[in-house]
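Asker: Need coordinates for the following:
(chains A and B)
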Amino acid sequence: MANKKPKFAVFKMSSCDGCQLSLLDAEDELLELLGGIELAYFPEASSRMLKGPYDIGLVEGSITTPRNVEEIRQIRKECKILITIGACATAGGIQALRNWKDVKEFTKIVYASPEYISTLNRSLPVSSYVHVDFELRGCPINKYQLIEVLKAFLNHRKPNIATRSVCVDCKLKGNVCVMVARSTPCLGPVTQGGCNALCPSYDRGCFGCYGPMDSTNTSSLAAEFREMGETNYEIMNVFRSYNAYAEPFRKESEANEK
Amino acid sequence: MLSRLEKKAKQMKSKTIKVDYMARVEGEGALYLKIKQGKVEDVKLKIFEPPRFFEAFLRGRSYKEAPDITARICGICPVAYQMSAVHAIEYAFETKISPEVRELRRLLYCGEWIESHTLHLYMLHAPDFLGYDDVVQMSKDHPEIVKKALRLKKTGNDIMNLVGGREIHPINVKVGGFYKTPAKKELMAMYDNIKWARDAAIDTVRFAATFQFPDFVQDYECVSLVHPDEYPFNEGRIISNKGVDIHPNQYDYFFREEHVEHSHALHSRIRERDNYLVGPIARYNLNYDKLTNTCKEVAAEIGLGTECCNPFKSIIIRGIETLYSCEEALRIIENYEQPEFPAVEVEPKEAAGYACTEAPRGMIYHSYRIGSDGLIEDAKIVPPTSQNQKTIENDLRNFVPMYADLPDKDLVWKCEQAVRNYDPCISCATHFLKLNIVRE
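Answerer: Here you go, the predicted structure:
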């Protein structure tokens, strides 16, 4: 068949389901978007689960269990194009906070019978295990960016996703700078945009949902935070949140450990 | 009746059925059913969603981060986590929020109830009743219904977007209030659309009431918050129809969590008795008198009564609660006046705090112990799905014998539908479904 619709699949690793929900949250675009593809595997939304191979696979979530490792290797084999969505899949997510701790100790805190729990020592992005064709950042992702990425791959073109900082978006919006005017620590200068400078628009500092932008100067920003009276411990935690294991943020948080 | 069932059961061949991944629920889980001579010998709701250790990594973080961090437990009901976290911490610090902030928090919760209930009702559960795999298939036969559902869902998201900053993981909630409060005119801009949503919610209740429901009535211990003046969101005592009447700070004493091998979620039970039910049915049964007149009129029109003990009818009650949320949102917006300050000053101290709020899926409990430096020393979070887990298993134990002579494919469908009655959120429960039926 010449006009066969591309087979589309959505997979989940270790995550909160928010990024795949973004797809269902695109209420105005959903029926049109899903009309152009064959929804072959999307367990959260459909009982119909077709076998691979798939043309496009979206993966949400980080790799945290031996089962996840097996699954992601199989998913890679089955997907022509593999796109990871969200901070968990692209950077390890909030659950990467375990990477600095003893997971056995963590398991004991939450579960009465830790021997029932099977988990890896570190939470890592999908790209640590398999080749990924495109990474869409955010905690959560921006649904309009997701639609753009899907349209781009369906039409065999490059996705048009800006990689500029939150700071640039903030200036374009005409916000008053929360760092300058209110002495509020803000990760905007080192964080990739995608949220349209959401937090500063609500009078609070950016906390890095979209991860580090290219060529960041995190140490200079950390020095500025110190000037503003933040302690090393606070600075460590500012960099150690939803994209904690993305390299520039990881290094800066480790530089402030003591 | 029972003897007929028993006869049916005995006629049924004993065997094994397997389904590997349960669809249209949030998160990853499986169901294991062992049927011997028509009786359910073992039922396990298996949660293989990876554990994420939220309670552990909250330790050492500032109390200020708790609403943002705990939101990440669940992308479907982040507001429930944020509300529970801020209320527990405000209890610890004896922070008194302003009346305007209290109302705005109710409005934010209305947004989440509308969005989450509509998502589950139309996109995850209605396809079971109508025989479709998903809403996309359903939209081919019922395009106008699905379009209306999407607009209703969007109305909930619009409220969360404005009050919370965004629909998934809102950024505007803080201990003591909000970072920024909306102007009256920003809220008024949504008013006409919420009025449309109220009418769409009435149609939703009528639509859900046309479904065929199995004759399956259970004797539940219903647990929910009860507030003297209003249908519960953020405040109230924990009440059950079998005698519990406590403040959330006594939750740990009256409710127990157990770790079972087949699940990454902890099972809950009432210390003195056994399993219990949280969620729309429990709330409706304990708070019917607090619903608006329109809700009561629509419930009467479809013959629902003031109490419901058929879990399959939870879909109707989600419709009624969606209607309630629309009317409550309209009331809040009409009376709203933007407060002078978006938040009150918070003074951290060494203390412990407890709170329960009503997530769309049911009551959720948070407790925190915080040091004098404002850092969290210990946290405990009990989401609704882990509280319902044992009740879901019990439902299946009682439900399967009624349908034990169905072909495997149809029995699996019925079992999945019975689990979806609870709108289980497995991502939450692990801080849960895949279906295996074993017949011997």
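
Asker: When you work out contacts or count neighbours from here on, use the C-alpha atoms and nothing else.
Answerer: Fine.

Asker: Near chain B, which residues of the stretch 1-150 of chain A are found?
Answerer: By CA under 8 Å from any CA of the partner chain, the residues of the stretch 1-150 of chain A that approach chain B are A:12-19, A:21-22, A:25, A:27-28, A:31, A:34, A:43-48, A:64-65, A:94-95, A:97-98, A:106-107, A:109-113, A:116-117, A:119, A:139-140.

Asker: Buried among those residues? Make that a PyMOL selection.
Answerer: PyMOL command restricting the residues of the stretch 1-150 of chain A next to chain B to the buried ones, with burial defined by 16 or more other CA atoms under 10 Å in any protein chain shown:
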select buried, chain A and resi 12+13+14+15+16+17+18+19+21+22+25+27+31+43+44+45+46+47+64+65+94+95+97+98+106+107+109+110+111+117+119+139+140
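
Asker: Pull the contacting residues for residue 122.
Answerer: Because you didn't say which chain, this covers chain A. When contacts are counted by CA atoms under 8 Å, 6 or more residues apart in numbering or on different chains, A:Arg122 is found next to A:Thr64, A:Ala96, A:Arg98, A:Asn99.

Asker: wrong one, I was asking about chain B
Answerer: B:Val135, B:Val146, B:Ala149.

Asker: swap the cut-off to 7 Å and go again
Answerer: Neighbour list for B:Tyr122: B:Ala149 [criterion: CA atoms under 7 Å, 6 or more residues apart in numbering or on different chains].

Asker: What are the phi and psi values at B:Tyr365?
Answerer: Backbone torsions of B:Tyr365, given as degrees, to the nearest 10, read phi -120, psi 130.

Asker: And A:Cys206, by the same measure?
Answerer: According to degrees, to the nearest 10, A:Cys206 has phi -60, psi 140.

Asker: okay, now A:Lys51: neighbour count?
Answerer: 10 (other CA atoms under 10 Å in any protein chain shown).

Asker: which phi and psi does it have?
Answerer: Phi and psi for A:Lys51, reported as degrees, to the nearest 10, are phi -80, psi 160.

Asker: so what pLDDT did it get?
Answerer: The model reports A:Lys51 with a pLDDT of 94.

Asker: next one: the one 5 residues further on
Answerer: The model reports A:Ile56 with a pLDDT of 97.

Asker: Could you confirm it falls within a helix?
Answerer: No. Secondary structure of A:Ile56 (DSSP: H, G, I helix; E, B strand; the rest coil): strand, not part of a helix.

Asker: which ones are touching it?
Answerer: A:Lys7, A:Phe8, A:Ala9, A:Cys79, A:Lys80, A:Ile81, A:Leu82.

Asker: which parts of the stretch 151-258 of chain A sit against chain B?
Answerer: Residues of the stretch 151-258 of chain A that fall close to chain B, judged by CA under 7 Å from any CA of the partner chain: A:Cys199, A:Tyr202, A:Asp203, A:Arg204.

Asker: what about the last one, distance to B:Ile171?
Answerer: Distance from A:Arg204 to B:Ile171, counting by CA to CA, to the nearest Å: 9 Å.

Asker: ditto for B:Ala149
Answerer: Going from B:Ala149 to B:Ile171 by CA to CA gives 26 Å.

Asker: now do A:Gly229
Answerer: Distance from A:Gly229 to B:Ile171, by CA to CA: 24 Å.

Asker: can you check B:Leu225 too?
Answerer: According to CA to CA, B:Leu225 and B:Ile171 sit 26 Å apart.

Asker: wait, what's in contact with A:Tyr54?
Answerer: Contacts of A:Tyr54 by CA under 7 Å, 6+ apart are A:Lys7, A:Phe8, A:Ala9, A:Glu78, A:Cys79, A:Lys80.

Asker: surely the first one meets A:Leu34?
Answerer: Think A:Lys7. No. At 10.6 Å, A:Lys7 does not count as touching A:Leu34 under the criterion of CA atoms under 7 Å.

Asker: which one of the contacts of A:Arg122 is nearest B:Asp215?
Answerer: Comparing the contacts of A:Arg122 against B:Asp215 with CA to CA picks out A:Thr64 as the nearest, at 42.6 Å.

Asker: Surely that closest one and A:Val126 touch.
Answerer: No. Counting by CA under 7 Å, A:Val126 is not a contact partner of A:Thr64; they are 10.0 Å apart.

Asker: Who are the packing partners of the host helix or strand of B:Arg106?
Answerer: Per DSSP states H and E, B:Arg106 falls inside helix B:99-118. Helices and strands touching helix B:99-118, as assessed by 3 or more CA pairs under 7 Å, 6 or more residues apart in numbering or on different chains; DSSP states H and E, comprise helix B:143-164, helix B:314-335.

Asker: Nearest to chain A, out of those helices?
Answerer: Shortest distance between chain A and the helices and strands packed on helix B:99-118, using CA to the nearest CA, is found for helix B:143-164: 5.4 Å.

Asker: Give me the distance from that closest one to the chain's centre.
Answerer: 18 Å (CA atoms, centre = their mean, to the nearest Å).

Asker: Buried residues in it, which are they?
Answerer: Under 16+ other CA under 10 Å, the buried positions of helix B:143-164 are B:145-146, B:148-164.

Asker: again, but for stretch B:399-414
Answerer: In stretch B:399-414, counting by 16+ other CA under 10 Å, buried: B:Phe399, B:Val400, B:Pro401, B:Met402, B:Tyr403, B:Ala404, B:Asp405, B:Asp408, B:Leu411, B:Val412, B:Lys414.

Asker: quick revisit: need the contacts of A:Tyr54 in JSON lines with secondary structure and neighbour count, can you?
Answerer: Below are these laid out as JSON lines (DSSP: H, G, I helix; E, B strand; the rest coil; neighbours: other CA atoms under 10 Å in any protein chain shown):
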{"residue": "A:Lys7", "secondary structure": "strand", "neighbour count": "20"}
{"residue": "A:Phe8", "secondary structure": "strand", "neighbour count": "23"}
{"residue": "A:Ala9", "secondary structure": "strand", "neighbour count": "27"}
{"residue": "A:Glu78", "secondary structure": "helix", "neighbour count": "18"}
{"residue": "A:Cys79", "secondary structure": "strand", "neighbour count": "19"}
{"residue": "A:Lys80", "secondary structure": "strand", "neighbour count": "15"}
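
Asker: can I get those residues in CSV with pLDDT?
Answerer: Output for these, formatted as CSV (pLDDT from 0 to 100):
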residue, pLDDT
A:Lys7, 96
A:Phe8, 95
A:Ala9, 96
A:Glu78, 97
A:Cys79, 98
A:Lys80, 97
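
Asker: What distance do you get for B:Pro248 to B:Gly177?
Answerer: To B:Gly177, B:Pro248 is 21 Å away according to CA to CA.

Asker: Comparing the two, which shows the higher neighbour count?
Answerer: Shown here are B:Pro248 and B:Gly177; by other CA under 10 Å, B:Gly177 has more neighbours (27 against 23).

Asker: B:Leu124 touches B:Glu26, doesn't it?
Answerer: No. Using CA under 7 Å, B:Leu124 is not in contact with B:Glu26, being 9.5 Å away.

Asker: so who does the residue nearest to B:Arg369 when sequence neighbours are not counted touch?
Answerer: With sequence-adjacent residues excluded and distances taken as CA to CA, 6 or more residues apart in numbering or on different chains, B:Arg369 is closest to B:Ala352, at 4.3 Å. If you count contacts by CA under 7 Å, 6+ apart, B:Ala352 has them with B:Ala92, B:Tyr368, B:Arg369, B:Ile370.

Asker: now A:Asn68
Answerer: A:Met13.
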